[in-house]
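Chemist: what would the 3D arrangement of this be:
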Amino acid sequence: MSQHGRVVHVVGTGTIGEPLIALLCDFKEKLGFDDVTFHKRTPRIEDRAKVRNMVRRGARLACEVKAKKGFEEMGITPAYETHEALERASVVIDCTPSGVGIDNKQNYYEGYKNKVLGFIAQGSEFGFGKMYARGINDKALQPGKDQFIHVVSCNTHNLAVLIQTISLWGSNNDQEEARFLCIRRANDISQDGKFVPAPTVGNHDDEKFGTHHARDAYHLFKTLNLDLNVFSSAMKVNSQYMHAIWFSIRLNRDITLAEVKARFHENPRVAVTEKHSANTVFSFGRDYGHYGRILSQTVVVQPTLHVRGGREVVGFCFTPQDGNSILSSVSAAAWFLDPVGYEKRIECLNPYLFDEV
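Modeler: Model (predicted):
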């Protein structure tokens, strides 16, 4: 434990970092954290209001020495330099763009392994550490051994909770095969770049799994000694709202539609909806989520659910991007600080895991 108390340090203030910092500040006492710090690399005038609001919530800014003057010229005084924030941290949550987390591990975090309890990275940082999704493989985490944790991507969370609920319910493994089409929104509403003008299909770069979504889901369940048959495809559509997923999960035993629906209703990390459009689901999250985020791992569109031939479950769902990753990041941070009691601590977030959207 840090001599400065239970300090959570977030690196990056993008689509995951910013709402994560806000949530940590709002619930830090209930979660068992004493202080929240965050690192921002570049002082940009267009980000001044965002940084000020995070500081106003109670988070404290850290930056590189060379960036300090730039922040001060914007009217913001950093509380710490980069190395000072890492020295103080009990847990570090890396929310930097794809690929940067691996570099940060090699260039920074490895040097603080004897001071920091644990490091957490997001999304596409394959190889950073043990893969994790809240409620999927918590029992695979090993105190004192797993110091680096890789929170899987938002769509991989969705794939995993669908597999868990439909084919791994209880102590059974009834899965024969699972196929997914990830229909991804082009970019986040907070981003200006990488928008696509029309539906754009992706390649199957992985011979066995298709795209990284199924590959990561496979390795996530592999931490539980499960060897699953999963495959995914992906495409982008010209929308900024939410990802959608079409799924087909084939079982080795018969199942009824009523049983499928009952399982979805019983899983606390699954939200169901009668809505068919991403914009209406997104709007619900904006109105009722924390910082506009739904923390559920999936939003299943109930009218689309279908059981084909008694053993194939088919349907559509929406991915609460950012939200499910944020839940797992907070859960992992709480686990590092309290491996025994962390599940009780994160119950304060239950109001943002919806039964219905």
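
Chemist: which stretches of the protein have low pLDDT?
Modeler: Residues of the chain meeting the criterion pLDDT under 70: 1-4.

Chemist: all helices for it, in order.
Modeler: For the chain, the helices defined by DSSP state H cover 17-31, 48-57, 65-73, 82-88, 100-107, 154-167, 212-222, 257-266, 278-288, 323-337, 342-345.

Chemist: how about those in JSON lines, adding mean neighbour count and distance to I183?
Modeler: Placement of C-beta: from N, CA and C, glycine included. Converted to JSON lines, those look like this (neighbours: other CB atoms under 10 Å; distance: least, CB to CB, whole Å):
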{"stretch": "helix 17-31", "mean neighbour count": "20", "distance to I183": "23"}
{"stretch": "helix 48-57", "mean neighbour count": "15", "distance to I183": "29"}
{"stretch": "helix 65-73", "mean neighbour count": "14", "distance to I183": "38"}
{"stretch": "helix 82-88", "mean neighbour count": "18", "distance to I183": "39"}
{"stretch": "helix 100-107", "mean neighbour count": "17", "distance to I183": "26"}
{"stretch": "helix 154-167", "mean neighbour count": "26", "distance to I183": "10"}
{"stretch": "helix 212-222", "mean neighbour count": "23", "distance to I183": "12"}
{"stretch": "helix 257-266", "mean neighbour count": "15", "distance to I183": "20"}
{"stretch": "helix 278-288", "mean neighbour count": "17", "distance to I183": "9"}
{"stretch": "helix 323-337", "mean neighbour count": "26", "distance to I183": "17"}
{"stretch": "helix 342-345", "mean neighbour count": "16", "distance to I183": "33"}
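
Chemist: my read: C348 touches F27, true?
Modeler: Yes - counting by CB atoms under 8 Å, C348 touches F27, with 5.3 Å between them.

Chemist: may I have stretch 337-357 as CSV, with CA atoms only?
Modeler: Coordinates of the C-alpha atoms in stretch 337-357 are reproduced here as CSV (Å, rounded to 0.1, in the frame of the first residue of the first chain):
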residue,chain,number,x,y,z
LEU,A,337,-6.8,-2.9,-2.9
ASP,A,338,-9.1,-5.5,-1.3
PRO,A,339,-9.2,-8.9,-3.0
VAL,A,340,-11.6,-10.3,-0.4
GLY,A,341,-14.1,-7.5,-0.1
TYR,A,342,-14.0,-5.7,-3.5
GLU,A,343,-17.3,-7.2,-4.7
LYS,A,344,-19.1,-5.6,-1.8
ARG,A,345,-17.5,-2.3,-2.4
ILE,A,346,-18.5,-2.1,-6.1
GLU,A,347,-22.1,-2.7,-5.3
CYS,A,348,-22.4,1.1,-5.1
LEU,A,349,-22.4,1.1,-8.9
ASN,A,350,-25.4,-1.2,-9.2
PRO,A,351,-27.8,1.6,-10.0
TYR,A,352,-26.1,2.0,-13.3
LEU,A,353,-26.4,-1.6,-14.3
PHE,A,354,-29.9,-1.6,-15.7
ASP,A,355,-32.4,-4.4,-15.8
GLU,A,356,-34.2,-2.7,-18.7
VAL,A,357,-33.4,0.1,-21.1
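
Chemist: just give me how far it sits from the chain centre.
Modeler: 14 Å (CA atoms, centre = their mean, to the nearest Å).

Chemist: pull out the buried positions in it.
Modeler: Residues 337-338, 342, 345-346, 349, 352-354, 357 are the ones in stretch 337-357 that count as buried (16 or more other CB atoms under 10 Å).

Chemist: good, wrapping up.
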